[in-house]
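K.L.:
Curious how this folds, go ahead:
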Amino acid sequence: MTVDTSSSSDSKHKPTASALVIGGGVAGMQAALDIAAQGYKVYLVEKTSSIGGRMAAIDKTFPTLDCSACILTPKLSEVSRHPNIEILTYSEVKGVTGKTGDFKVKVYRKARYVHEDRCSGCGDCAAECPVEVPNYFDEYIGFRKAIYMPFPQATPAVYTIDMETCIECKRCAKVCERDAIDYEMQDSEVELNVGAIVVATGYKLFDVSEYPRLGYTKYDNVINAMEYERLINAAGPTHGHLIRLSDGKMPKNIGFVQCVGARDVNKGVPYCSRVCCMYGIKNAVMAKEHDPDIDVSIYYADIRAFGKGFEEFYNMAKTRFEVNFVRGRVAEVVEDPKTRDLIVRVEDTETGEFKEVRHDLLILSPGIQPPEGMSEMAENIGIDVNEDGYISVEHALTAPVDTKIPGIYVCGCADGPKDIPDSVAAGSAAAMRATIVLSKEGKE
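P.N.:
Okay, the predicted model is just below:
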């Protein structure tokens, strides 16, 4: 894999008037829309079966508590309907060659065993499927069929067969009136010719089981923040009913543990994830909105409410919603075997007092890490990653979305943790930088 790092502006080379966006989360979608709005062709590559990213799974956004789906769904529709955007889901970039303005990109397309141009998304196939498996979109709390659509607003609205769980009874094919299901479909590889590339590969959440003292996977009533998001979401596995997984009862005393897998040199995550404080506070407020009588405590190291409206939201949680904030790292979590309640052992660093606090549900707020395969993907493209595993930018102040290769840009959490507004802003910035390259089409 060879990428020429020289700029096309040094010659009379005419750039290809199309762009590639890698990653279909909110940052990637914004970049694709902004490039397409200026008249350029955009290939939007997403490794899962639908665009939307993490935002599709969360219930509300901070600090406004706006409905996440209400914001995202129109954007999904806009992307899918835009004549200049071609969506390539279930696909991954495997190699890039060429130079600025003329990149050759190899894209590996996994077979979904359903023809996208035939499937209407009616759901008859899933209704007929006899196989139920834990649903990854619901953090494995709920269930889905072997042929599935990850969420109702999935884009494209096309079903996918999970061949690892499919028993090949072919009952789905028999009920499909559009003959969309094809068990003989094969993986394929396509080559794209683009003038600019935007990397928007998102993030993964820290695996909180790396802190065994906190009881995750050991105790049913210790869950992570994304599992909580799916529980409290009306479109989730419990239809928005907040319950304890051990007995299905509604919790009355909830604890949130912050900075799990953030600002911890021993775990290889020395940096602040920037969003954990605020999404933890948001989740606490959502619990109080769900039931004002619930007692809610947040265990934190520091509250970093740095963004617009963040400090006001933090103060509102303390005053209006009466969320209890305890400054201190949690030392240990143990379970009462009779009640399945959780005893949190923590030192309050503001008072110096060692406390044992009982909760019937505990939520761990994980930090953000680079997604799986980031280093390999960066190597395939020819760009660098920094010591934390994120994509390196040319200059954090003067070139915050530029990589070392002119024509390849980065946005969203691909170069470090960001909240939704900052991710969207970075997507637009990367799009602007990309269109500068593309605008040289036809010019010498």
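
K.L.:
what's the domain layout of this structure?
P.N.:
3-110+187-203+370-438, 206-368 (automatic domain parsing).

K.L.:
Dump these into CSV; add distance to residue 155, mean pLDDT and mean neighbour count as well.
P.N.:
To be clear about C-beta, it is placed using only N, CA and C from the backbone, and glycine gets the same treatment. Shown next, in CSV, are these (distance: least, C-beta to C-beta, whole Å; pLDDT from 0 to 100; neighbours: other C-beta atoms under 10 Å):
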stretch, distance to residue 155, mean pLDDT, mean neighbour count
domain 3-110+187-203+370-438, 4, 95, 21
domain 206-368, 15, 97, 18
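
K.L.:
could you dump these to CSV with distance to residue 122?
P.N.:
Formatted as CSV, those follow (distance: least, C-beta to C-beta, whole Å):
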stretch, distance to residue 122
domain 3-110+187-203+370-438, 17
domain 206-368, 19
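
K.L.:
Of all the ones you listed, which one comes closest to residue 153?
P.N.:
The closest of the domains of the chain to residue 153 is domain 3-110+187-203+370-438. By C-beta to C-beta, the value is 5.0 Å.

K.L.:
What's the local residue count around residue 168?
P.N.:
By the criterion of other C-beta atoms under 10 Å, residue 168 has 10 neighbours.

K.L.:
how close does it get to residue 185?
P.N.:
13 Å (C-beta to C-beta, to the nearest Å).

K.L.:
what's the answer for residue 246, then?
P.N.:
Taking C-beta to C-beta, one finds residue 246 at 42 Å from residue 185.

K.L.:
Leaving out chain neighbours, which residue sits closest to residue 90?
P.N.:
Leaving aside its sequence neighbours, residue 90 sits nearest to residue 110 (C-beta to C-beta, 6 or more residues apart in numbering; 4.6 Å).

K.L.:
residues touching the one you found, list them.
P.N.:
Counting by C-beta atoms under 8 Å, 6 or more residues apart in numbering, residue 110 touches 90, 91, 92, 187.

K.L.:
which one of those sits closest to residue 47?
P.N.:
Closest approach to residue 47 among the contacts of residue 110 (C-beta to C-beta): residue 92, at 5.0 Å.

K.L.:
Can I take it that the closest one is in a helix?
P.N.:
No - Residue 92 sits outside any helix when classified using DSSP: H, G, I helix; E, B strand; the rest coil, being strand.

K.L.:
List the contacts of it.
P.N.:
So residue 92 contacts 45, 47, 107, 108, 110, 377 (C-beta under 8 Å, 6+ apart).

K.L.:
from those, which ones fall inside helices?
P.N.:
By the criterion of DSSP state H, membership of these in helices covers residue 377.

K.L.:
quick one: which two of the contacts of residue 92 are the most distant?
P.N.:
Greatest spatial distance among the contacts of residue 92 (C-beta to C-beta): 110 and 377, at 15.5 Å.
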